[in-house]
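Asks: Just to be clear, the model below is a prediction. Sequence and coordinates:
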Amino acid sequence: MTAADWHYPINSVFNAGATLLPDGTTLLLCRVEDRRGLSHLSAARSANGVDNWKIDSQPTLFPDPDHYPEELWGIEDPRITFVPELKKYAVAYTAYTRDGPGVSLAFTEDFHHFERYGIIMSPEDKDAALLPHRIDGNWALIHRPVSAPRVHMWISYSPDLHHWGNHRMMLESRLGAWWDANKIGLSPPPIETPQGWLVIYHGVRQTAAGSIYRLGLALFDLNSPDQCIKRGDEWVFAPQEQYEVRGDVDNVVFPCGYTIAPNGDTLNLYYGAADTSIALATGSIREMLEWLDEHS
Ligand code: BMA
């Protein structure tokens with residue numbers, strides 16, 4: 001999808017959260033950047049997850065004056081998790097405050113009506129997703145606080161989804177010349193597998209020509225998700241196609257969501273390409289786990 005698919009003038013569409021609805025429809029919650037530069041979220045639905053997208057004619061979730069000043073400069077980069085205990089979808093998204101990005105949480109049953117919890121992680125913080133069920137009685141949220149000059153992935157726990165604590169560092173950015181030096185963050189929500197939580201994360205390499213956003217893999221313990229079991233040394237996905245290397249922000253692949261095919265193995269990864277369009281790539285979860293066995 002690109003801006004040309006929208007019902008009203010926008011600048012770009014990228015970084016979409018994704019989920020499968022009960023009837024098998026793929027729902028994307030797309031980050032839509034308007035022509036002021038501020039973002040809102042819009043739902044797009046497709047029977048096959050590939051084409052014939054039906055895009056909401058109006059913004060689906062937009063910066064809400066009841067949540068000013070936290071959402072004053074827009075809302076971005078949603079990650080969707082279906083929570084069976086609540087029978088609701090959790091949407092963790094970036095609220096762009098005057099003092100930088102924070103993490104907000106909302107719940108919905110239908111992607112028409114939303115219950116907003118407001119900011120749950122104060123600025124600067126982003127790249128968050130809720131785990132689908134409690135761990136030892138507590139909810140768990142992966143997020144990425146900014147602690148310059150290096151930023152890492154953290155996980156925090158909550159008894160009630162409002163009060164968060166027991167903060168643990170989950171994955172540290174590497175140093176020096178590495179592709180994932182200094183700045184990393186969760187990309188889509190973790191994938192629960194019998195071997196552990198499979199995490200696709202982004203690493204940001206700073207170069208003289210700008211940043212390069214690439215994706216790597218790591219595996220975390222199912223019962224203690226702050227414990228990293230394996231981490232790949234090499235990236236597995238990087239800007240390569242023209243629409244990934246050229247756009248509003250060159251050299252960015254940035255997935256915020258996926259769906260899993262009925263075979264339980266094929267991952268449909270929806271990602272923002274160069275902050276300009278939404279693209280789809282597919283892969284095998286089994287192959288990713290095997291790759292981690294060989295490359296961590
Ligand atoms: C990150 C996020 C993403 C964006 C990326 C590249 O920090 O803000 O929304 O896609 O930068 O611009």
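Replies: Arrived safely, thanks for sending.
Asks: show me the contacts for Trp179.
Replies: Gly203, Arg205, Ile212, Arg214, Gly216, Glu234, Trp235 (Cβ atoms under 8 Å, 6 or more residues apart in numbering). Placement of C-beta: from N, CA and C, glycine included.
Asks: ok, the residue in the stretch 51-200 of the chain positioned nearest to the ligand - how many residues close by?
Replies: As assessed by Cβ to the nearest ligand atom, the ligand sits closest to Asp77 within the stretch 51-200 of the chain, at 4.8 Å. Neighbourhood size, Asp77 [other Cβ atoms under 10 Å]: 26.
Asks: Can you spell out which helices and strands pack onto the host helix or strand of it?
Replies: Using DSSP states H and E, Asp77 sits in strand 75-83. Secondary-structure packing of strand 75-83 (3 or more Cβ pairs under 8 Å, 6 or more residues apart in numbering; DSSP states H and E): strand 12-20, strand 26-33, strand 39-46, strand 88-97, strand 100-108, strand 125-130, strand 253-260.
Asks: How about residues contacting it?
Replies: Against strand 75-83 from outside (Cβ under 8 Å, 6+ apart): 15-19, 27, 29, 31, 39-41, 61-63, 88-96, 101, 104, 107, 126-133, 186, 188-189, 254, 256-257.
Asks: Quick one: name the residues of the stretch 151-296 of the chain near the ligand.
Replies: Tyr213, Val249, Val252, Phe254, Gly272, Asp275 (Cβ under 6 Å from any ligand atom).
Asks: Now the buried members of the contacts of strand 75-83.
Replies: 15-19, 27, 29, 31, 39-41, 61-63, 88-96, 101, 104, 107, 126-132, 186, 188-189, 254, 256-257 (16 or more other Cβ atoms under 10 Å).
Asks: who touches the closest residue to Ile229 other than its chain neighbours in this structure?
Replies: Residue nearest to Ile229 in three dimensions, not counting chain neighbours: Leu219, with 4.7 Å by Cβ to Cβ, 6 or more residues apart in numbering. Counting by Cβ under 8 Å, 6+ apart, Leu219 touches Gln195, Gly196, Trp197, Leu198, Val199, Cys228, Ile229, Lys230, Arg231, Leu289, Leu292, Ser296.
Asks: Quick check: pLDDT value at the second one.
Replies: Put plainly, it is Gly196. Looking at Gly196, its pLDDT is 98.
Asks: Please name the bridge partners of it.
Replies: Note on Gly196: beta-bridge partners Thr193, judged by DSSP bridges.
Asks: isn't it right up against Ser224?
Replies: No - checked against Cβ atoms under 8 Å, the pair Gly196 and Ser224 is beyond contact range at 9.9 Å.
Asks: ok so, going back, got the helices and strands packed on strand 75-83 as CSV, with mean pLDDT columns?
Replies: Listed next are those as CSV, based on pLDDT from 0 to 100:
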stretch, mean pLDDT
strand 12-20, 98
strand 26-33, 98
strand 39-46, 98
strand 88-97, 98
strand 100-108, 97
strand 125-130, 98
strand 253-260, 98
